[in-house]
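Novice: Just a sequence and a predicted model for now, questions to come.
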Amino acid sequence: MTDPATILIVDDEKHTRDGLRLALEDDFDCYVASNAAEALEHLKHDGVDVMLTDLRLGADDGMKLLEQALGMPKAPVCIMMTAYGSVDTAVEAMRRGAYHFVTKPLNLDEVELLVKRALRSRTLEHENKVLKQQVEQKYSIEGILGKADTLKPILETIQQVAPTRATVLIEGESGTGKELVARAIHNLSGRPKAKLITVHCAALSPQILESELFGHEKGSFTGAQERRIGRFELADGGTLFLDEIGEIDAATQVKLLRALGEQTIERVGGSKPIKVDVRVVAATNKDLAKMVEEGKFREDLYWRLRVVTVHMPPLRTRKGDIPVLAEHFLRELAVANGKNFKPLGEDALPVLMTYDWPGNVRELRAAIEHGVVMSNSTRVTAKHLPSYLAQPGGLGWRVPVSPSQPGSAGTEPTTAAKAEFDVHEMEKQLILEALERAGNNRSEAAELLNMSRRTLQRKLKEMGMVRKHRKRKNPA
């Protein structure tokens, strides 16, 4: 049997309190209070489900008591009692959150019926809240937010694959949340107390990457002054996340293939096999299948990595998630920047929904942070967002095409010319502009361009731009 509901009766007239208590105590646990102070003590300590209170409590204000009760962490359902001449005030109480009101003299049968209705309403409200939390939990895992149909199967795959030992390959453009997926898989894996070790493969040279992954023995190469434990050993019993797996060189691919197949590694310069228990999750923004066809990635390693594949869709295909993501970032970044939470203005959401987001969720987060920092009003409006979002040309650091350039108005180029311009000139202009915005700091420029610093270095070399953008050294 469930415990009976708790009713708090608040009235400064003793005969009203006693009459209500006698009428209700057969079905409910009843408390009585003659003033607001007594009522608040019961509300704080007795888990009140329904509060019946008069609008006039002698020197106390029943409306103020209503507001205090509704502000409690577990607020009761509030029913107001009033004389006929105070009906307008009772209606105002309902606007402020009261469930209903009854007029004096009281009809006890009517009061009992109203209390039971109030309790049913409270139960339904609680069930709806729980159901909503369950739905939100189902479609929000470890910070992966969204309700779009494209995201639902991904979250279901994460929940299905996480408890297993299967290797997972996460595909998707930069900024789509691949690392969040890896973290979710680890945290739901049954190994959450073990370590999640991350390696950004593109940021390391082949020799350093091999040492980072497998470790090295003292003296195994120039500069190896002591033994180093690699990431595989550090992740023993946990998860190893290999980001930008498409950037690793052929020799490291061979060693990685053996590690995956045999759960055994050897340190650089060593000959002793070391057993490891590591679950590997890899991510790439490249088309690994195409790289296999071109001979740039081992086919056997490819199939080892993609036992289960998770493809993170770009934000432009899941725009229905933008309102959810935007509100999440507004709250998170307000706290991070020491600001009060401010909702989006009516003119801001259309701007966010229209833009194509080539930088995906990462770019959206940056745009929202810009709005949070720049807002000097009660809302984050369109004028507080980065100005480039409203421009048809795309990213803010994209250089507009001048009339003298190919592709400008009135000079429609051939298809071949368009391709030549798109591949070379536009990419060069993007890099130039990113370097300028970053003050020639290549790490910051690479982040603006959504690529690794290593990739940016290679492109600069291919374009003959290495010296042109090298920082000048201060004269001795």
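Specialist: Perfect, I can see it now. What you are looking at is a predicted structure, and each value in this text was computed from that prediction instead of being measured.
Novice: Give me the residues contacting stretch 35-54.
Specialist: If you take C-beta atoms under 8 Å, 6 or more residues apart in numbering as the criterion, stretch 35-54 is touched by 5-13, 16, 20, 28, 31, 33, 57-62, 64-66, 68-69, 72, 74, 76-82, 111, 115, 118-119, 122. For the C-beta atoms, the positions are set from N, CA and C on the backbone; glycine is no exception.
Novice: Run through the residues that contact the closest residue to E247 other than its chain neighbours.
Specialist: Nearest-residue entry for E247: A202, 4.0 Å, with adjacent residues in sequence omitted and distances by C-beta to C-beta, 6 or more residues apart in numbering. Residues counted as contacts of A202 (C-beta under 8 Å, 6+ apart) are D243, E244, E247, S452, R454, T455.
Novice: Likewise for E112?
Specialist: A23, L24, D27 are the contacts of E112 under C-beta under 8 Å, 6+ apart.
Novice: Check what pLDDT it gets.
Specialist: Listed pLDDT for E112 reads 91.
Novice: Can you tell me the element it falls in?
Specialist: Using DSSP states H and E, E112 sits in helix 108-138.
Novice: Could you check how far the closest residue in space to I185 that isn't next to it in sequence is from A348?
Specialist: Distances taken as C-beta to C-beta, 6+ apart place A162 nearest to I185, at 4.9 Å, with adjacent residues excluded. Using C-beta to C-beta, to the nearest Å, A162 is found at 36 Å from A348.
Novice: Of the contacts of E112, grab the buried ones for PyMOL.
Specialist: Applying 16 or more other C-beta atoms under 10 Å to the contacts of E112, the buried members can be selected in PyMOL as follows:
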select buried, resi 23+24
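Novice: Tell me who's in contact with the nearest residue to V324 once chain neighbours are set aside.
Specialist: Closest residue in space to V324, ignoring its immediate chain neighbours: L145 at 5.3 Å, by C-beta to C-beta, 6+ apart. For L145, the contact set (C-beta under 8 Å, 6+ apart) comprises D321, V324, L325, H328.
Novice: any chance you could map the helices in the stretch 151-300 of the chain?
Specialist: Here the stretch 151-300 of the chain has its helices, by DSSP state H, counting those that start in this stretch, at 152-161, 178-187, 206-214, 231-234, 250-262, 288-293, 299-305.
Novice: Pick the most buried one from the ones you listed.
Specialist: Mean neighbour counts were taken over these using mean count of other C-beta atoms under 10 Å, and the top value, a mean of 22, falls to helix 178-187.
Novice: now it: how far from the chain's centre is it?
Specialist: In terms of C-alpha atoms, centre = their mean, to the nearest Å, the centre of helix 178-187 is found 12 Å from the chain centre.
Novice: who touches it?
Specialist: Helix 178-187 is contacted from outside by 141-144, 154, 158, 161-162, 168, 170-172, 192, 196, 198, 238-239, 241, 243, 279, 281, 283, 285, 310, 312, using C-beta under 8 Å, 6+ apart.
Novice: buried subset of those?
Specialist: Using 16+ other C-beta under 10 Å, the buried ones in the contacts of helix 178-187 are 141-142, 144, 154, 158, 161-162, 168, 170-172, 196, 198, 238-239, 241, 243, 279, 281, 283, 285, 310, 312.
Novice: gap between the two ends of stretch 174-190?
Specialist: Length of stretch 174-190, first residue to last, C-alpha to C-alpha, to the nearest Å: 28 Å.
Novice: check contacts around the closest residue to L456 other than its chain neighbours.
Specialist: Leaving aside its chain neighbours, L456 sits nearest to A446 (4.2 Å; criterion: C-beta to C-beta, 6+ apart). With contact set as C-beta under 8 Å, 6+ apart, A446 has these partners: A434, S452, R453, T455, L456.
Novice: what does T157 give?
Specialist: Counted by C-beta under 8 Å, 6+ apart, T157 has contacts V308, V310.
Novice: ok, R331 - how many residues close by?
Specialist: 14 (other C-beta atoms under 10 Å).
Novice: Figure out the helix or strand that it lives in.
Specialist: R331 is part of helix 322-336, with elements assigned from DSSP H and E.
Novice: Which positions in that helix come out as buried?
Specialist: I322, V324, L325, A326, H328, F329, L330, E332, L333, A334.
Novice: Got the domain ranges for the chain?
Specialist: 6-135, 147-313, 316-390, 415-462 (automatic domain parsing).
Novice: how far is the third one from where the chain is centred?
Specialist: Here domain 316-390 shows a centroid-to-chain-centroid distance of 13 Å under the convention C-alpha atoms, centre = their mean.
Novice: okay, how far is it across that domain, tip to tip?
Specialist: Across domain 316-390, first to last residue, C-alpha to C-alpha, it's 15 Å.
Novice: correct me, but A166 touches R306?
Specialist: No: counting by C-beta atoms under 8 Å, A166 stays clear of R306, with 10.0 Å between them.
Novice: Just want to know which of these two has more residues nearby.
Specialist: Neighbour totals were compared for A166 and R306, and R306 leads with 18 against 14 (other C-beta under 10 Å).
Novice: what bridges to the residue nearest to the more buried one when sequence neighbours are not counted?
Specialist: Nearest non-adjacent residue to R306, counting by C-beta to C-beta, 6+ apart: L169, 4.0 Å away. Using DSSP bridges, the bridge partners assigned to L169 are A282, T309.
Novice: and L169, how many neighbours does it have?
Specialist: When neighbours are counted by other C-beta under 10 Å, L169 registers 23.
Novice: ok, now how distant is it from G439?
Specialist: 37 Å.
Novice: what does A289 give?
Specialist: 39 Å.
Novice: try L257
Specialist: As judged by C-beta to C-beta, L257 and G439 stand 42 Å apart.
Novice: picking up where we left off before, what residues does the helix holding R331 touch?
Specialist: For helix 322-336, using C-beta under 8 Å, 6+ apart, the contacting residues are 145-147, 315, 339-344, 349, 352-353, 361, 364-365, 368-369, 371-372, 380.
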